[in-house]
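Student: model the structure of this input:
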Amino acid sequence: MSSIEWLKAGTTGSHGTVVELCNLLQKLPHPGIRMHYYIGRNSLIEAYWKSVAWPGQGIFIGEPLAKPFAN
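Tutor: Numbering: from 1, shown residues only. Just a heads-up that it's a prediction; the model follows:
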């Protein structure tokens with residue numbers, strides 16, 4: 001499924017690899033770490049980058065400055 005379809009449906013952002021995944025989990029965001037930072041008042045892009053070990057081979061689309069849990 002295209003990430004664009006997720007954005008049209010209301011998703012705030014998405015992350016994917018730009019090079020074949022090859023079962024390397026370091027390229028993908030760790031869900032627990034990402035949510036820890038996102039709920040902890042980080043922006044969406046900050047939470048994503050803190051949860052990916054190898055962010056250089058990924059692409060983020062969406063609203064990077066979304067902060068729904070900020071004061």
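Student: least confident secondary structure element in the protein?
Tutor: Across the helices and strands of the chain, mean pLDDT, DSSP states H and E gives its lowest value to strand 13-17, namely a mean of 83.
Student: can you give me the angle whatever helix or strand comes next after that one makes with strand 13-17?
Tutor: Under the assignment DSSP states H and E, the closest C-terminal helix or strand after strand 13-17 is helix 31-39. Put simply, helix 31-39 runs at 140 degrees to strand 13-17, going by axes from the mean of the first three to the mean of the last three CA atoms, to 10 degrees.
Student: other SSEs contacting the least confident helix or strand of the chain?
Tutor: Applying 3 or more CB pairs under 8 Å, 6 or more residues apart in numbering; DSSP states H and E, we find strand 13-17 packed against helix 3-8, helix 44-51, strand 58-62. (Glycine included, C-beta is placed from N, CA and C.)
Student: can you tell me which of those is most buried?
Tutor: Of all the helices and strands packed on strand 13-17, helix 44-51 has the most neighbours on average by mean count of other CB atoms under 10 Å, namely a mean of 19.
Student: report the angle between that one and strand 13-17.
Tutor: Going by the same axes, to 10 degrees, helix 44-51 makes 40 degrees with strand 13-17.
Student: and helix 44-51 with strand 58-62, angle?
Tutor: Interaxial angle, helix 44-51 versus strand 58-62 (the same axes, to 10 degrees): 160 degrees.
Student: contacting residues around helix 44-51?
Tutor: Helix 44-51 is contacted from outside by 12-13, 15, 29-31, 33-38, 42, 55, 60, 62-67, using CB atoms under 8 Å, 6 or more residues apart in numbering.
Student: do stretch 7-17 as well
Tutor: Residues contacting stretch 7-17 (CB under 8 Å, 6+ apart): 3, 6, 27-29, 44-45, 48, 52, 57-64, 66, 68.
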